[in-house]
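Participant: the following block contains a protein sequence and its predicted model.
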Amino acid sequence: MKSFAGLTPSAERIVDATEGLIQTLGYNGFSYEDVAKIVGIRKPSIHHHFPSKMELGAVVAQRYTHRFRQSLLHIEGTLSKAPARLLAYAGLFESTYETDRRLCICGMLGAEADALPDEINQEVKRFFSINLDWLTMVFAAGLDAGTLRSTAAAAELAEAYLCMLEGALMVSRGLPQAHGPKRSASVFLASVLV
């Protein structure tokens, strides 16, 4: 299977278009014809780069996970306290939503897990595992430092926070008056701040 790291410029445009389609329509909601129209190429050109939709979907999820992981490293490198890191983390979801009310790639794919190839589900699981591990570390550091307080364990807080942010994306899309993930995160964090 291809890796996102070795993509040609043409393949990158295909992955970019597919990412947007998955974020708005889901994996089962688009075809190579849709991608071809966005990129301005013929379907055989897509098959040249990605012989199967499964391979294309897996590369999209892989690249998204990598970029998200890079964002987590940036947050770690620029913010030292858990509350600020957690708010910055919510900002990643907010910026996704602010781009045409898009959803998290892996959240959208996770909703379709029962109808996806194993290769894509493995990438989705990797995304959530990376995020839960990172959030657990941040919540644990905040609890240890006394900047956060809760009777729940760090891993439980991490899971609740991630679920709340993924859910906030979906609810915000469904309710035009909703305020997006960052506001939901602020309410959540207010309940655990010291």
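Facilitator: That came in fine, so what should we check first? Since this is a predicted model, take the numbers as computed values, not measurements. Numbering: from 1, shown residues only.

Participant: what's the neighbour count on R101?
Facilitator: Around R101 there are 15 other residues, counting by other Cβ atoms under 10 Å. All C-beta atoms are positioned from the backbone trio N, CA, C, and that covers glycine.

Participant: then A5?
Facilitator: 9.

Participant: before we move on, what about the one 4 residues further on?
Facilitator: As a burial measure, P9 scores 6 neighbours (other Cβ under 10 Å).

Participant: my hunch is that E123 is in a helix, does that hold up?
Facilitator: Yes. E123: assigned to a helix according to DSSP: H, G, I helix; E, B strand; the rest coil.

Participant: from A5, how far off is the residue lying closest to it once chain neighbours are set aside?
Facilitator: Closest residue to E123 apart from its sequence neighbours, by Cβ to Cβ, 6 or more residues apart in numbering: A61 at 3.6 Å. For A61, the distance to A5 equals 14 Å [Cβ to Cβ, to the nearest Å].

Participant: could you do A152 as well?
Facilitator: Distance from A152 to A5, by Cβ to Cβ: 38 Å.

Participant: of all residues in the chain, which one is nearest the centre?
Facilitator: C104 (3.9 Å; Cα atoms, centre = their mean).

Participant: thinking that residue is in contact with G167, fair?
Facilitator: No. Using Cβ atoms under 8 Å, C104 makes no contact with G167, being 10.7 Å away.
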